[in-house]
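A.B. asks: Sequence first, predicted model second:
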Amino acid sequence: MKQKSIAIINSQSPYHSTNGKDALDIALIYGSFEQPVSLFFQGEGVRQLISNQAPESIKVKDYLATLSALEFYDIDNIYVCQTSLKQRSLAADFHISNATVLNESEFSNKLHEHSVILRF
Amino acid sequence: MAVLHIIRTSAFNDNDLQQCLQVTNESDGLVLIDDGCYNLNHPLLIAFMTEHPSITVNIVQTHANARAITLNETDNELANNIHIIEISELPALLFNYTSSLTWQ
C-alpha cells in the first residue's frame, strides 16, 4: 500500500489562537513516527515565520522557536505562499532557514502532491 | 491528487475562499456548506467559475434554504452550473476525490 503523505497548512497568525502550536505539535508527532509530512504557510499563517518576534513581551510562550527543531525530525519540506507574503507587504525574512517561497501555482501543485491535507 | 474543498465560511467575512481558490486546480471540486453558501454571490467565486467552467461547484440545498439563498435569484449567471446536493450525498461525493480539505 502506498504510504500516505501529509500536508499541514498553517493559516492563522501566531497568537490568534492555539492553532499554530497545535499544528506544530501534530507535525512533530507525525515526524516522530517517521511519516512524511510537509508544512505549508498561507494567509495569516505566513506571519508565524517572520523573524524578530518577541512573544515574551506579551507573556506568551515562544512556540515558534520549535519550528527550528523540525529538521531533527526530518521535516524539511516547508513551503510559504508568495502571494500571501506580498499581500501583507512581508519580506521573506524568516527565523528558520529551510523554508521555500513558492508562487501561486507552485504552491498549489505542491499541496496536491499530498494524500492527506490538514488545515489549521 | 484530486481534492474536494469544503467551504464553510463566507468570503464577505474572511479570506478563506480566496486562499481556497488559490490552491484549487482543474481536478478538484468545491462544496458550499453552512455560511459558504453566501459565496454564491461573491465576485471571487463568480470570476472563478467563469474562468474554470469545468470545476464542479456543489451546494447543500438545506443550508442554502436556511439562508434564503435561491439559485435563480442571484447575480451569479453561472448558477445553473451549480450542482445542488442533499447533505446526505456528501459522504458519497467525498469518494470521488483523493482527499478533502475543509475551509473554516
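C.D. replies: Nice, thanks for sending it over. As the structure is a computational prediction, the values presented were derived from the model and not from experiment.
A.B. asks: okay, CA-based contacts and neighbour counts for the rest of this
C.D. replies: Will do.
A.B. asks: which parts of the helix or strand of chain A with the lowest mean pLDDT are buried?
C.D. replies: None of the helices or strands of chain A scores lower by mean pLDDT, DSSP states H and E than helix A:19-32, at a mean of 94. For helix A:19-32, the neighbour count (16 or more other Cα atoms under 10 Å in any protein chain shown) marks A:19-21, A:23-24, A:27-28, A:30-31 as buried.
A.B. asks: Nearest to A:Lys110 among the residues you listed?
C.D. replies: When those are compared for distance to A:Lys110 (Cα to Cα), A:Ala27 wins out at 17.2 Å.
A.B. asks: any chance you could map the strands in the chain?
C.D. replies: You didn't say which chain, so I picked chain A. A:6-10, A:37-41, A:78-81, A:99-102, A:116-119 (DSSP state E).
A.B. asks: not what I meant, chain B
C.D. replies: B:3-7, B:29-32, B:57-60, B:82-85, B:99-103.
A.B. asks: one step back: among the strands of chain A, which comes closest to chain B?
C.D. replies: strand A:116-119 (6.0 Å; Cα to the nearest Cα).
A.B. asks: which residues sit against that closest one?
C.D. replies: A:4-11, A:111, B:99-103 (Cα atoms under 8 Å, 6 or more residues apart in numbering or on different chains).
A.B. asks: Per-residue pLDDT of the residue nearest to B:Leu71 when sequence neighbours are not counted, please?
C.D. replies: Setting aside the residues directly before and after it, B:Leu71 is nearest to B:Ala79 in space (Cα to Cα, 6 or more residues apart in numbering or on different chains), at 5.9 Å. Confidence at B:Ala79, expressed as pLDDT, is 72.
A.B. asks: Equivalent analysis for the one 5 residues further on, please.
C.D. replies: In the predicted model, B:Ile84 carries a pLDDT score of 93.
A.B. asks: give the contact list for the closest residue to chain B within chain A.
C.D. replies: Minimum separation of chain A from chain B (Cα to the nearest Cα) falls at A:Ser108, amounting to 4.4 Å. Taking Cα under 8 Å, 6+ apart as the contact definition, A:Ser108 lies against B:22-25.
A.B. asks: quick check: angle from the least confident helix or strand of chain A to strand A:37-41?
C.D. replies: For helix A:19-32 against strand A:37-41, the angle by axes from the mean of the first three to the mean of the last three Cα atoms, to 10 degrees is 160 degrees.
A.B. asks: Does anything pack onto helix A:19-32? Which helices or strands?
C.D. replies: Where contact means 3 or more Cα pairs under 8 Å, 6 or more residues apart in numbering or on different chains; DSSP states H and E, helix A:19-32 is packed against strand A:6-10, strand A:37-41.
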